[in-house]
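Visitor: Provide a 3D model corresponding to the input given below.
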Amino acid sequence: MKRILVLDDEQDVDFIFKVMLEDEIAEGKLQIDFFSNPQECLDDLAKRPNDVYDYILSDINMPQINGVQFARILRNRGYKGRIAFISAYLMDDYEDDMKILNIEHFFSKPLNFNEIKEVLQI
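Guide: Residues are numbered from 1 along each chain as shown. Sure thing, here's the model as predicted:
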């Protein structure tokens, strides 16, 4: 089973993920944890082992802590796992940050769930 974390301040994103990946969830291939607040997510992650998630998907444009800052904090804490960005903005705007922070993938909004399944290998 793959375990992923999705961080996005848009409240409907968790519903969209659950609907679009409902077969994989029902078949036990996937477990998804959702957070809409970056600080709450960081606090929760601090209590868990670094390898609890197979992939972390983070929105970039969020209040208080944006996705780049979130990923930087994780990397500074020693997190070596896989991270991807989600954004309605162009990837070109974040290419340098992605290289520095070892961000493996960029998912453009609106999300293509076939692409997500392929990248997550589910």
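Visitor: give me the beta-bridge partners of the residue lying closest to residue 41 once chain neighbours are set aside?
Guide: Once flanking residues are discounted, residue 41 sits nearest to residue 35: 3.8 Å by CB to CB, 6 or more residues apart in numbering. All C-beta atoms are positioned from the backbone trio N, CA, C, and that covers glycine. For residue 35, the beta-bridge partners under DSSP bridges are residue 7.
Visitor: wait, what's in contact with residue 35?
Guide: Going by CB atoms under 8 Å, 6 or more residues apart in numbering, residue 35 touches 5-7, 41, 44.
Visitor: let's go with 10 Å and repeat that
Guide: For residue 35, the contacting residues are 5-9, 14, 41-45, 56, 58, 70, by CB atoms under 10 Å, 6 or more residues apart in numbering.
Visitor: just the buried ones among those, please.
Guide: 5-9, 14, 41-42, 45, 56, 58, 70 (16 or more other CB atoms under 10 Å).
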